[in-house]
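Student: let me see the structure of the following:
(one chain, ligands or ions: 2)
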Amino acid sequence: MTHLSPGTDLLLGQVLHFTADPFTAGLGAARLDEALVIENGHIVAVGSAEALRRQHPRARVTDYGSALISAGFVDAHVHYPQTAIIASWGKRLIDWLNSYTFPEEMRFSNLSYAQDVANRYFDLTVSNGTTSVCSYCTIHPESVDAFFTAAATRNQRVWAGKTCMDRNAPEGLRDTAQSAYDDSARLLAKWHAQGRASYVITPRFSPTSSEEQLAAMGALWAEHPDCLMQTHLSEQTDEIAWVKTLFPTARDYLDTYERHGLLGKGALLGHAIWLEERERSRILETDAGLIHCPTSNTFIGSGLFDMGGLKAAGHRIGLATDTGGGSSFSMLRTMAAAYEVAQLKGRALHPSELWWLATAGSARALHADHQIGNIAAGMEADLVVVDLASTPAIAQATRRAEDIWQALFPTIMMGDDRAIRATYVAGALVHGG
Ligand code: GUN
Ligand code: ZN
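Tutor: Ligands and ions are numbered 1, 2, ... in the order given. Modelled structure (predicted):
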């Protein structure tokens, strides 16, 4: 289905982009234009249809009418190996890991199984308008090779790393401090900064890593400070109580990472729901990223992330599905869940804030907001075209819309892959038409 596009493409539609973070700059941060121009996989111009047609008379024109054209969605925390166990019933975090996750992750020692799931995962996410993801793999190097190979074939900008675990996981799903270091270092050398790939140093979470392993990951990160480091933090209260027994001398959950050099600007801390005051202030001081995974937090029963309070304090925050703890591959559904969770915390997130989180915000959390997550000259042409009347229920709800936000919000709340009219990766149409 992919068509490579030598030459110039001119796309017409309602082009939504941001000049700043709407949480701090307000509605003025969002702009609507009529057209954009793509050359060599990059956006070269955004503006009025008339001016861009005049300036690019030989461009191939695709007119999306009243559909929205946005940067593709950026999913900042996923587990692609959990694709097949999404929507598994009835467990909370630790039981869910033991009952569903670990048995499935065991299968990724088999390269061809890993390749099959990686390709299925990219098919599903692209059909949901997601163009970039930051994924955990499994402990198996094969799972990392399968992921990066599939992404490279599709030319997608991605982040991922080998998940490291040397305790509290079943036989066959444990490495050691040394082998985790060696395998991670080798995979990093193989994949980091190759094309659009970035390697992420990935200790799963403190309960499944010994002090020695966390120290080894800290050492590896110190040797490769341009890499990101991802892990989980304070997702459920039972998990936090367990961490306290496993690390009796740590000041708090964050300290189990911090004292091994695993806290800093390139850290991506998934969930971060039950933060103590010291943790909030250290995370802010270090400018580490927090990744909000709202469908996961409600599905596994974890708790309510404090988006309003943490954004107001100035935290760097991205949005993510956390598949398969999360219950959807769709960033539209994820925005809806973020809205609902924030409502329960007393803050109604504006559609511009939700959209920014799913695009530019996640890109900023991944330190890639100069490349992806927005529409501007010079950015990579990863785009999603969204039909704002994709179902009868949504179409009738938008009939009286008086501005773009009223027109967009029903799609945020009720939209799914039927709303995704087209997805472009590096200027090439990879889904829809
Ligand atoms: N904490 C440690 N591992 C996982 C995981 O795979 N999913 C979620 N939601 N939380 C975790
Ligand atoms: Zn996760």
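
Student: drop to CA atoms for contacts and neighbour counts, all remaining ones
Tutor: Noted.

Student: where does the residue of the stretch 251-400 of the chain found nearest ligand 1 land in three-state SS?
Tutor: The minimum distance from the stretch 251-400 of the chain to ligand 1, using C-alpha to the nearest ligand atom, falls at residue 325 (4.6 Å). Secondary structure of residue 325, reduced to three states by DSSP: H, G, I helix; E, B strand; the rest coil: coil.

Student: and the chain, which residues reach ligand 1?
Tutor: 204-205, 232, 325 (C-alpha under 6 Å from any ligand atom).

Student: let's see it at 8 Å
Tutor: 79, 82, 93-94, 97, 101, 204-205, 231-233, 235, 270-271, 296-297, 300, 322-326 (C-alpha under 8 Å from any ligand atom).

Student: in ChimeraX, select just the buried ones from those residues.
Tutor: Buried members of these, defined by 16 or more other C-alpha atoms under 10 Å, are picked up in ChimeraX with:
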select :79,82,93,97,101,204,205,231,232,233,235,270,271,296,297,300,322,323,324,325,326
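
Student: narrow the residues of the chain next to ligand 1 to those in strands?
Tutor: In strands, defined here by DSSP state E, the members of the residues of the chain next to ligand 1 are 79, 231-233, 270-271.

Student: can you list the weak-confidence ranges in the stretch 1-150 of the chain?
Tutor: 1-5 (pLDDT under 70).

Student: helices of that one, start to end?
Tutor: 22-25, 49-55, 93-96, 102-106, 111-127, 141-153 (DSSP state H, counting those that start in this stretch).

Student: which of those sits closest to residue 370?
Tutor: With C-alpha to C-alpha, the closest approach to residue 370 among the helices of the stretch 1-150 of the chain belongs to helix 22-25: 17.2 Å.

Student: and that closest one, how far out from the chain middle?
Tutor: 20 Å (C-alpha atoms, centre = their mean, to the nearest Å).

Student: counting contacts, what elements does that helix pack onto?
Tutor: In terms of contacts (3 or more C-alpha pairs under 8 Å, 6 or more residues apart in numbering; DSSP states H and E), helix 22-25 is packed against helix 307-313, helix 351-356.

Student: tell me the buried residues in that helix?
Tutor: Buried-residue list, helix 22-25, by 16+ other C-alpha under 10 Å: 22-23.

Student: now tell me what touches that helix from outside.
Tutor: Applying C-alpha atoms under 8 Å, 6 or more residues apart in numbering, the contact partners of helix 22-25 are 28-30, 311-312, 352-353, 356.

Student: in PyMOL, how would I select just the buried ones from those residues?
Tutor: The buried residues among the contacts of helix 22-25 can be selected in PyMOL (16+ other C-alpha under 10 Å) with this line:
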select buried, resi 29+30+352+353+356
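
Student: contacts only, for residue 44.
Tutor: Applying C-alpha under 8 Å, 6+ apart, the residues near residue 44 are 36-38, 376-379.

Student: which among those count as buried?
Tutor: 36-38, 376, 378-379.

Student: circling back: buried deepest among the helices of the stretch 1-150 of the chain, which one?
Tutor: helix 141-153 (a mean of 21; mean count of other C-alpha atoms under 10 Å).

Student: check which element follows that helix along the chain.
Tutor: strand 158-161 (DSSP states H and E).

Student: mind exporting the C-alpha coordinates of that following strand to CSV?
Tutor: Output of strand 158-161 as CSV, limited to C-alpha atoms (Å, rounded to 0.1, in the frame of the first residue of the first chain):
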residue,chain,number,x,y,z
VAL,A,158,10.7,4.7,16.8
TRP,A,159,12.2,4.2,20.2
ALA,A,160,12.6,0.8,22.0
GLY,A,161,14.9,-1.3,24.1
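
Student: follow-up on the earlier one: and the two most separated of the contacts of helix 22-25?
Tutor: 30 and 312 (18.6 Å).

Student: spell out which residues make up each domain of this protein.
Tutor: As recorded under automatic domain parsing, the domains making up the chain are 8-72+374-432, 73-365.

Student: deepest of these, which one?
Tutor: Sort the domains of the chain by mean neighbour count, taking mean count of other C-alpha under 10 Å, and domain 73-365 sits at the top with a mean of 21.

Student: residue 412 and residue 19, how far apart?
Tutor: Noted for residue 412: a distance of 21 Å to residue 19, by C-alpha to C-alpha, to the nearest Å.

Student: re earlier: now tabulate the contacts of residue 44 in TSV and tack on distance to residue 86.
Tutor: Listed next are the contacts of residue 44 as TSV, based on distance: C-alpha to C-alpha, whole Å:
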residue	distance to residue 86
36	36
37	38
38	36
376	35
377	37
378	37
379	33
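
Student: closest to residue 110 out of those residues?
Tutor: residue 379 (36.9 Å).

Student: what residues does stretch 308-319 touch?
Tutor: So stretch 308-319 is contacted by 23-24, 74-77, 283-284, 287-293, 334, 342, 345, 347, 357-358, 361-366 (C-alpha under 8 Å, 6+ apart).

Student: again, only this time at 7 Å
Tutor: Residues from elsewhere that reach stretch 308-319 (C-alpha atoms under 7 Å, 6 or more residues apart in numbering): 75-76, 284, 287-293, 347, 357-358, 361-362, 365.

Student: then stretch 199-218?
Tutor: With contacts defined as C-alpha under 7 Å, 6+ apart, stretch 199-218 is touched by 159-169, 176-177, 181, 188, 191-192, 221, 227-232, 243, 256, 260-262.

Student: can I get the CA coordinates of that stretch in PDB?
Tutor: Taking C-alpha atoms only, stretch 199-218 is exported to PDB below (Å, rounded to 0.1, in the frame of the first residue of the first chain):
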ATOM      1  CA  TYR A 199      17.600   2.700  21.400                       C
ATOM      2  CA  VAL A 200      16.100   3.200  24.900                       C
ATOM      3  CA  ILE A 201      17.800   1.800  28.000                       C
ATOM      4  CA  THR A 202      15.000  -0.200  29.600                       C
ATOM      5  CA  PRO A 203      15.000  -1.700  33.100                       C
ATOM      6  CA  ARG A 204      11.400  -2.900  33.500                       C
ATOM      7  CA  PHE A 205      10.800  -1.600  37.000                       C
ATOM      8  CA  SER A 206      12.500  -1.800  40.400                       C
ATOM      9  CA  PRO A 207      10.700  -5.000  41.600                       C
ATOM     10  CA  THR A 208      12.200  -7.000  38.700                       C
ATOM     11  CA  SER A 209      15.700  -5.600  38.800                       C
ATOM     12  CA  SER A 210      18.300  -6.300  41.500                       C
ATOM     13  CA  GLU A 211      20.400  -3.400  42.800                       C
ATOM     14  CA  GLU A 212      23.200  -4.700  40.700                       C
ATOM     15  CA  GLN A 213      21.100  -4.600  37.600                       C
ATOM     16  CA  LEU A 214      19.900  -1.100  38.200                       C
ATOM     17  CA  ALA A 215      23.500   0.000  38.800                       C
ATOM     18  CA  ALA A 216      24.500  -1.700  35.500                       C
ATOM     19  CA  MET A 217      21.700   0.100  33.700                       C
ATOM     20  CA  GLY A 218      22.900   3.400  35.300                       C
END
